[in-house]
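> let's see this in three dimensions:
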Amino acid sequence: MKVDLGCGEHKHRHFYGIDRVGGPEVDMVCDINDGIPLPDHSVEMVMASRSLPYVNDLLAVMSELYRICVHKAIVCILSPYAHHFRHMSNPHLKQKFDEYTPRYFTNHFHQPPGSPLSPIVPSYTGSSVPFDFRLLKMEFFYESPFSPPLYEQDELDLLLQLQPNVVSEIMYQFVVVKKELSVDEWLWMCNQQYREPQWAEALRQPAPTVVVEAAVPETPTSFPPPAMDFYSHKPVKSTKTIARSPKKKPI
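Numbering: from 1, shown residues only. Sure, this is the predicted structure:
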């Protein structure tokens, strides 16, 4: 079974749609904050597109996902990026997602090749993680002023560390690990292609090319040339008499 968590009106094709509000695309009406009424080890893929930031307890929901998934199931998460003013000010977004998030979903983290760095988190983060979602891929979707190819990747990495509002959304693809999974097999899975949210491709579109038209210089104001004597080619002196005030006689 493939599950679209929080599908709304845009359920992915061939997925089983779950949402807390009913609709023509919804197969099961369910508030995932109260659990997911599906059998253990019954789901081979979960699509959570812009739905997990709204849950009350993220770790509880991830525990439910871990329960219903089979070994080596794929979980794809698309979420607003935490370090963006537009998302920070949204009171409905209860959970934050960024490049550190995958570190909190497993006790056996490996950095996927070709993905942005998921930095090490401090050792005081808490107790052992009760599930095992290992990152296969992570991708940033940039705001249009920073979309490739306007910046080199090393420039984007630096901007991401220095200022907010660079990344709009973030996407992860995890593998559910319930049995032994060798590093070689994990690396092989990192290089495979998996289903993505239907709007991921649009989020990857480069920034539109802005054509700046060259400024047209203003035509200088032309003044008529001075009158010339036809024979001597010298300017003709003005014959106009300028009235002068009469001189005052000394008293």
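> so where's the stretch 1-150 of the chain uncertain?
Confidence mapping of the stretch 1-150 of the chain against pLDDT under 70 gives the ranges 123-127.
> what does stretch 113-125 contact?
Contact with stretch 113-125 is made by 99-104, 109, 111, 135, 137-140, 157, 187, 190, as judged by Cβ atoms under 8 Å, 6 or more residues apart in numbering. Glycine gets a C-beta too; all of them are placed from N, C-alpha and C.
> could you rerun that using 6 Å?
Contacts to stretch 113-125, defined as Cβ atoms under 6 Å, 6 or more residues apart in numbering, come from residues 99, 100, 102, 103, 137, 138, 140.
> again with stretch 164-176
With contact meaning Cβ under 6 Å, 6+ apart, stretch 164-176 is reached by 69, 72-73, 75-81, 83-85, 97, 133-143, 146, 159-160, 189, 194.
> quick one: buried ones out of those residues?
With burial judged by 16 or more other Cβ atoms under 10 Å, the buried subset of the contacts of stretch 164-176 is 69, 73, 75-81, 83-84, 97, 133-142, 146, 159-160, 189.
> quick one, longest strand in the chain?
Ranked by number of residues, the top strand in the chain under DSSP state E is strand 69-80.
> now the helices for the protein?
Using DSSP state H, the helices assigned to the chain run over residues 58-68, 85-88, 153-162, 183-190, 200-203.
> which of the ones you listed sits most buried?
helix 58-68 (a mean of 18; mean count of other Cβ atoms under 10 Å).
> may I have that helix as CSV, with CA atoms only?
The C-alpha trace of helix 58-68 is given here as CSV (Å, rounded to 0.1, in the frame of the first residue of the first chain):
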residue,chain,number,x,y,z
LEU,A,58,5.9,15.0,15.4
LEU,A,59,7.7,12.2,17.1
ALA,A,60,4.4,10.5,17.9
VAL,A,61,3.4,10.7,14.3
MET,A,62,6.8,9.4,13.1
SER,A,63,6.4,6.5,15.5
GLU,A,64,3.0,5.7,13.9
LEU,A,65,4.5,5.8,10.4
TYR,A,66,7.3,3.5,11.5
ARG,A,67,4.8,1.1,12.9
ILE,A,68,2.7,0.8,9.7
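> switch to numbering from 106
With the count now opening at 106, the last piece we talked about shows up as helix 163-173.
> which other residues reach stretch 140-147?
So stretch 140-147 is in contact with 106, 169, 172, 173, 175, going by Cβ under 6 Å, 6+ apart.
> quick check, nearest of those to residue 135?
residue 169 (10.6 Å; Cβ to Cβ).
> excluding sequence neighbours, find me the nearest residue to that closest one.
Once flanking residues are discounted, residue 169 sits nearest to residue 141: 4.8 Å by Cβ to Cβ, 6 or more residues apart in numbering.
> how about residue 243?
Here the residue nearest residue 243, using Cβ to Cβ, 6+ apart, is residue 220, at 4.4 Å.
> once you drop chain neighbours, what's closest to residue 175?
residue 146 (4.9 Å).
> what about the one you found, how many neighbours?
Neighbours of residue 146 under the rule other Cβ atoms under 10 Å: 14.
> where's it relative to residue 171, distance?
For residue 146, the distance to residue 171 equals 10 Å [Cβ to Cβ, to the nearest Å].
> turn the contacts of stretch 218-230 into JSON lines, including distance to residue 198.
Shown next, in JSON lines, are those (distance: Cβ to Cβ, whole Å):
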{"residue": "204", "distance to residue 198": "17"}
{"residue": "205", "distance to residue 198": "16"}
{"residue": "207", "distance to residue 198": "19"}
{"residue": "208", "distance to residue 198": "20"}
{"residue": "242", "distance to residue 198": "23"}
{"residue": "243", "distance to residue 198": "19"}
{"residue": "245", "distance to residue 198": "18"}
